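J.: what follows is a predicted structure for the sequence shown.
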Amino acid sequence: MKKNDTPSILLASLSIGLVWLYFALVLLLGRSIGGMSVGLTFIASSIPFVASLVFILIRYVMHRGLIKSQQILTVSLGLILSLGSLIIADIAYSLYLNSRAFEKPHIENSRQYDPAFVGGELYPRRFFPTDENFWLYKPNLSVKGTHYGHFYHPELMQSPILAKSVFELHQFSCSIDQHGLRNTTPMGQADVLALGDSFTFGWAMDREKSWVGLLEHAIHRPIYNLGIDGASPKQELELLKYLLRTQEPSMRIRKILWMIYEGNDLEGSYESERPKPSSPSYTNQLFKGTLVQGLITIPSLIKEQAIITKLLNGDVALRFPTFQARDYNPYVIDGIRSWFPFFQSPVLGPRLFYPKYIEEAQQPLSYVLHHPNTPHLNQVFREMALLEKEFSFQVIVIIVPTGERLHGPFYENFPPISAEPHFIDYVSKVSESLGFQTLNLLSKLKPYADNELLYFRDDSHWNQRGHELAAEIIRSEVFQQ
């Protein structure tokens, strides 16, 4: 080792330190390790340690004659160039996503100019009752009104076909009880619980017209509805555990109808604790309005824009919708640009679809097997099996397909989807392995899929006919002796 080798060693230490900083920000910032949250202070203090360790190791290796200064210099420059290329790729992909976002209608910006309701405006508000990650509705509330579906935007009403044949006002009334759930029947009177997300809640449906209300009438037994819109299987499990802790003496559960949705139940939240309320830190408050405030946000921006972060969060679709007819643009209807693709069926009629669900329906089996939430989903099912045994009730798992999978193949120019419903098959396998009775609604609804539209034309949820068929199938498969 020579004295003029020191710059090469310093450059190597710097390059590896920068690589460590990038991956520490992307993979560790904000995460919990051993019960401790990794913050900027920890990452910043680790950089001198990493750089010093690298300096000592390289100096030792060079002293032994195992590597030359020129090789160190080449590797160091390669690392710096690779890191720079990765950051450029992160920025380029974020720019691409931002350019696509220009097409998306910003509903929140138009609400003060539109007399119509959308679902989120009319529906009861959710809150976190404990530190666990689950919701209840704010209790003792009744609402009634009409609203358009999720795909509605006032600008799209300029399209004649959307205005006349797709957008429809949905009649909705809802009563939230003292427990923060959508029920009019006291909890203690029901021995059947319906657990799930908005499909269980009965989105855009009066209670008596939802599958829960129809099934309740058909079996002549009260059903207590635990459906919370937007809830993941993990949040549904935590809600059930909470009720068993706090209301168990008044509950007499015999059956739980647990509805799992293909659309977003793998991508939902599987954190154990609720999100912490966002409040400005002391540092941000101290440097507010100064140049330093902008510099403080750089680490979080690096993490947020990273392709790796988007992959881990499931925000990057590895396969994008490809449309069969090159001259057909499903995002332009009557000259109006839409965020939601539009397709026509000679039998089922016109409908808007949700692009994310199309992308998910195109994914291979590996998407499900290697998704970061799959181990958490498995754990949720195992915990549910333990609850079933401990409290001596029966869990029936009911799997709901997306409208994209059920109806998409019967629409002209609809992009090809996977031949097998990988998420549905995976959940069925896990459910059956734990001894749960499993009801796959995809196979039960398929005979109707090419002739009857079971989902709203302007929303991703079941319409009245979809709820009627679901109630009849569940009655026949679960309650008919």
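T.: Looks like it arrived, so ask away. This is a predicted model, so every value here is computed, not measured. Numbering: from 1, shown residues only.

J.: just the strands in the stretch 201-350 of the chain please.
T.: Along the stretch 201-350 of the chain, the stretches classed as strands by DSSP state E, counting those that start in this stretch are 223-225, 255-261, 332-333, 336-337, 342-343.

J.: worst average pLDDT in the ones you listed?
T.: Lowest mean pLDDT within the strands of the stretch 201-350 of the chain: strand 336-337, a mean of 92.

J.: partner strands of it, with direction?
T.: Partners of strand 336-337 in the sheet, by DSSP bridges, are strand 332-333 (antiparallel).

J.: hmm, who's touching the partner strand?
T.: For strand 332-333, contacts defined as Cβ atoms under 8 Å, 6 or more residues apart in numbering pick out Leu156, Ser159, Ile161, Leu162, Ser338, Phe342. The way it works is simple: take the backbone N, C-alpha and C, and place the C-beta from them, glycine included.

J.: state the distance from the second one to Phe340.
T.: In this case it means Ser159. Distance of Ser159 to Phe340, computed by Cβ to Cβ, to the nearest Å: 12 Å.

J.: of those two, who's got more company?
T.: Between Ser159 and Phe340, counting by other Cβ atoms under 10 Å, Phe340 is the more crowded of the two (24 against 19).

J.: which ones are touching the residue lying closest to Arg221 once chain neighbours are set aside?
T.: Of all residues not flanking Arg221 in the chain, Val192 sits nearest, at 5.9 Å (Cβ to Cβ, 6 or more residues apart in numbering). Taking Cβ under 8 Å, 6+ apart, we find Val192 in contact with Ile219, Arg221, Pro222, Ile223, Tyr224, Ile253, Arg254, Lys255, Ile256, Leu257.

J.: so the fourth one makes contact with Ala194?
T.: Okay, so that is Ile223. Yes. Counting by Cβ atoms under 8 Å, Ala194 is a contact partner of Ile223 at 5.5 Å.

J.: more neighbours, the two?
T.: Neighbour tally, Ile223 and Ala194, criterion other Cβ under 10 Å: the higher count belongs to Ala194, 28 against 21.

J.: check the contact between the more buried one and Ile228; I expect there is one.
T.: No. Contact criterion Cβ under 8 Å: Ala194 and Ile228 do not qualify, at 11.2 Å.

J.: hmm, back to that, mind putting the strands of the stretch 201-350 of the chain into JSON lines with distance to Glu432?
T.: Formatted as JSON lines, the strands of the stretch 201-350 of the chain follow (distance: least, Cβ to Cβ, whole Å):
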{"stretch": "strand 223-225", "distance to Glu432": "24"}
{"stretch": "strand 255-261", "distance to Glu432": "13"}
{"stretch": "strand 332-333", "distance to Glu432": "42"}
{"stretch": "strand 336-337", "distance to Glu432": "45"}
{"stretch": "strand 342-343", "distance to Glu432": "34"}
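
J.: so which of these gets nearest Cys174?
T.: strand 223-225 (10.5 Å; Cβ to Cβ).

J.: can you pull out the helices in the stretch 201-350 of the chain?
T.: Here the stretch 201-350 of the chain has its helices, by DSSP state H, counting those that start in this stretch, at 211-219, 233-246, 282-286, 291-296, 298-305, 307-312.

J.: so which bits of the fifth one are buried?
T.: In other words, helix 298-305. Within helix 298-305, the residues that count as buried by 16 or more other Cβ atoms under 10 Å are Pro299, Ile302, Lys303, Glu304, Gln305.

J.: pLDDT and distance to Glu236 added to the residues you listed, as CSV?
T.: Output for those, formatted as CSV (pLDDT from 0 to 100; distance: Cβ to Cβ, whole Å):
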residue, pLDDT, distance to Glu236
Pro299, 83, 34
Ile302, 86, 34
Lys303, 84, 29
Glu304, 84, 29
Gln305, 85, 32
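
J.: what's the single longest helix in this structure?
T.: The longest helix of the chain (DSSP state H) is helix 69-101.

J.: hang on, the earlier thing: filter the contacts of Val192 down to the buried ones, ChimeraX style.
T.: Remark: buried members of these, expressed as a ChimeraX selection using 16+ other Cβ under 10 Å:
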select :219,222,223,224,253,255,256,257
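
J.: from Asn413, how far out is the residue nearest to Arg221?
T.: From Val192 to Asn413 the distance is 43 Å (Cβ to Cβ).

J.: show me where pLDDT drops low in the chain?
T.: Along the chain, segments meeting pLDDT under 70 span 1-5, 32, 34-36, 99-109, 278-284, 314-327, 481.

J.: domain assignment for it?
T.: Domain assignment for the chain by automatic domain parsing gives 3-101, 110-267+315-479.

J.: deepest of the ones you listed, which one?
T.: domain 110-267+315-479 (a mean of 18; mean count of other Cβ atoms under 10 Å).

J.: got the end-to-end distance for it?
T.: Using Cα to Cα, to the nearest Å, the end-to-end distance of domain 110-267+315-479 comes out at 46 Å.

J.: ok, now stretch 162-171?
T.: Stretch 162-171 has an end-to-end distance of 19 Å (criterion: Cα to Cα).

J.: ok, stretch 196-215 next?
T.: Terminal-residue distance, stretch 196-215 (Cα to Cα): 15 Å.

J.: I figured Ala463 hits Leu454, correct?
T.: Careful, residue 463 is Asn; it's not Ala. Yes. At 6.4 Å, Asn463 counts as touching Leu454 under the criterion of Cβ under 8 Å.

J.: contacting residues around Gly188?
T.: Neighbour list for Gly188: Ser250, Met251, Arg252 [criterion: Cβ under 8 Å, 6+ apart].

J.: good, we can wrap up now.
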